[in-house]
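*Asks:* Structure, please.
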Amino acid sequence: MLIAGIVVLIAVVIIVMAVIGLYNNLVTLRNRFKAEFAQIDAMLKRRYDLIPNLVETAKGYLRHERETLEAVTTARNQAYAASQRAAANPADAAAVRSLMQADGQMTSFLGRLFAVAEAYPDLKANQNMIQLMAELSSSEDKVASARQAYNESVMFYNTARETFPSVIIANTFGFTAAQLFEIEAAEERQAPKVSFGS
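*Replies:* Prediction:
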């Protein structure tokens, strides 16, 4: 009887330790993808901060393109607001999807601004505009790199939470699936063209 009790106690301890280990692994993976999202958020904020300066610089040259400038500003503000909601809880898949859509729309409007700017030689030669475009291009590269690291972390987390026996722990303790940061439209897959070369 004593031996059976010890065996049962050891089995219970092993099961409890396994549950604790699986739970801790899920927490670690969730925290990792949240940290990776923070990198995306920092890069997006940098990009969003550049856009008002870009619009201000372009305003003097693009007097007849007010609609385009307003569209870029509005899209920037919407993307910034969406990024704040997603940054508050990167585990909220709906917030991340909303950010992806808003950021994609902003990128599309930026592309339109750059296409319009091509027709203005004085704007293309403006040093402030050239510098802002270079910084924006650099920010786009950093966002792409941060997005890749985030997506890898999300993949590891989602795989861990969907495999047995972790799926039991994930469902019991509310570990929801994380959203990949994907680019949906083909035109959004390319960074806006920022070259003002001749």
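
*Asks:* Look at the closest residue to R76 other than its chain neighbours and say how many residues are nearby.
*Replies:* Take R76 and drop its neighbours on the chain: the residue closest to it by CB to CB, 6 or more residues apart in numbering is I51, 4.5 Å away. Where you see a C-beta, it was placed from the backbone N, CA and C, and this is true even at glycine. Using other CB atoms under 10 Å, I51 has 22 other residues around it.

*Asks:* Now do the same for I51: helix, strand or coil?
*Replies:* helix (DSSP: H, G, I helix; E, B strand; the rest coil).

*Asks:* Phi first, then psi, for E118.
*Replies:* phi -60, psi -30 (degrees, to the nearest 10).

*Asks:* so what's it closest to, chain neighbours aside?
*Replies:* K124 (7.0 Å).

*Asks:* what separates that neighbour from F109, distance-wise?
*Replies:* Using CB to CB, to the nearest Å, K124 is found at 19 Å from F109.

*Asks:* Who has more neighbours out of these two?
*Replies:* F109 (22 against 17).

*Asks:* any residues touching the least confident helix or strand in the chain by mean pLDDT, and which ones?
*Replies:* Sorting the helices and strands of the chain by mean pLDDT, DSSP states H and E puts helix 121-125 at the bottom, at a mean of 82. The contact list for helix 121-125 (CB atoms under 8 Å, 6 or more residues apart in numbering) reads 57-58, 61-62, 117-118, 129, 196.

*Asks:* ok, how many other residues are close to L22?
*Replies:* 20.

*Asks:* doesn't V167 make contact with it?
*Replies:* No - using CB atoms under 8 Å, L22 is not in contact with V167, being 9.6 Å away.

*Asks:* wait, what's in contact with M129?
*Replies:* M129 neighbours (CB under 8 Å, 6+ apart): 54, 57-58, 117, 123, 196.

*Asks:* Name the residues of whichever strand or helix holds it that come out as buried.
*Replies:* In this assignment (DSSP states H and E), M129 forms part of helix 127-162. For helix 127-162, a neighbour-count test (16 or more other CB atoms under 10 Å) marks 129-130, 132-133, 135-136, 139-140, 142-143, 146-147, 149-151, 153-154, 157-158, 160-161 as buried.

*Asks:* Just list what the next helix or strand after it packs against, helices and strands only.
*Replies:* Going down the chain from helix 127-162, the next helix or strand is helix 166-173, by DSSP H and E. Packing partners of helix 166-173 (3 or more CB pairs under 8 Å, 6 or more residues apart in numbering; DSSP states H and E): helix 2-59, helix 127-162.
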